[in-house]
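1. kindly generate the corresponding structure for this input.
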Amino acid sequence: MKPRHKRALIIVGALATLAIAAVLILNALNSNIALYVTPSEVAAGKAPQGQTFRIGGMVKDGSLRRDDLVVHFIITDMVKEIPVAYKGILPDLFKEGKGAVVQGKLDANGQFVASEVLAKHDENYMPPEAKHALEQAQKNGSK
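-> Numbering: from 1, shown residues only. Sure, this is the predicted structure:
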């Protein structure tokens, strides 16, 4: 084999390896992405179907109830409300009337089945996405 052919073969092999690595990395990143959606967007049908996403807002006062190991509550952006079911242990800071972000999927009945629940860490903190979404929902709801 001529040196010119060897170099070409090495370059083609390196490009193929690089392409395979890029596809694997993009696939891994795509499967770990969780979009953030507000309760108003979920109610409007803008939530991704059959895909994991995050929904955030306030835990509605009086909505927290427990059925054996499943916790049910309502997440609201003060305009629309989404029922949530979560099987697991809630964070210590999770309370009614406080902000929370839940990750999971919508079921066929329109209930959000959470796989993870995140609670804010102090009295003044709210994720920027959640704060912006609440402000937008309140502004749009008052029109």
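2. going by C-alpha atoms from here, please, whenever you check contacts or count neighbours.
-> Will do.
3. gap between the most centrally placed residue in the chain and residue 16?
-> In the chain, the residue lying closest to the centroid (CA atoms, centre = their mean) is residue 54, at 2.0 Å. To residue 16, residue 54 is 36 Å away according to CA to CA, to the nearest Å.
4. next: residue 23.
-> 11 Å.
5. least trustworthy helix or strand in this protein by mean pLDDT?
-> Ranked by mean pLDDT, DSSP states H and E, the weakest helix or strand in the chain is helix 128-141, scoring a mean of 72.
6. for the helix or strand harbouring the residue nearest to the centre of the chain, list every residue counted as buried.
-> Residue 54 belongs to strand 53-59 when assigned by DSSP states H and E. Buried residues in strand 53-59, defined by neighbour count with 16 or more other CA atoms under 10 Å: 53, 54, 55, 56, 57, 58, 59.
7. and the fourth one, bridged to which residues?
-> Right, residue 56. Residues in a beta bridge with residue 56, per DSSP bridges, are residue 101.
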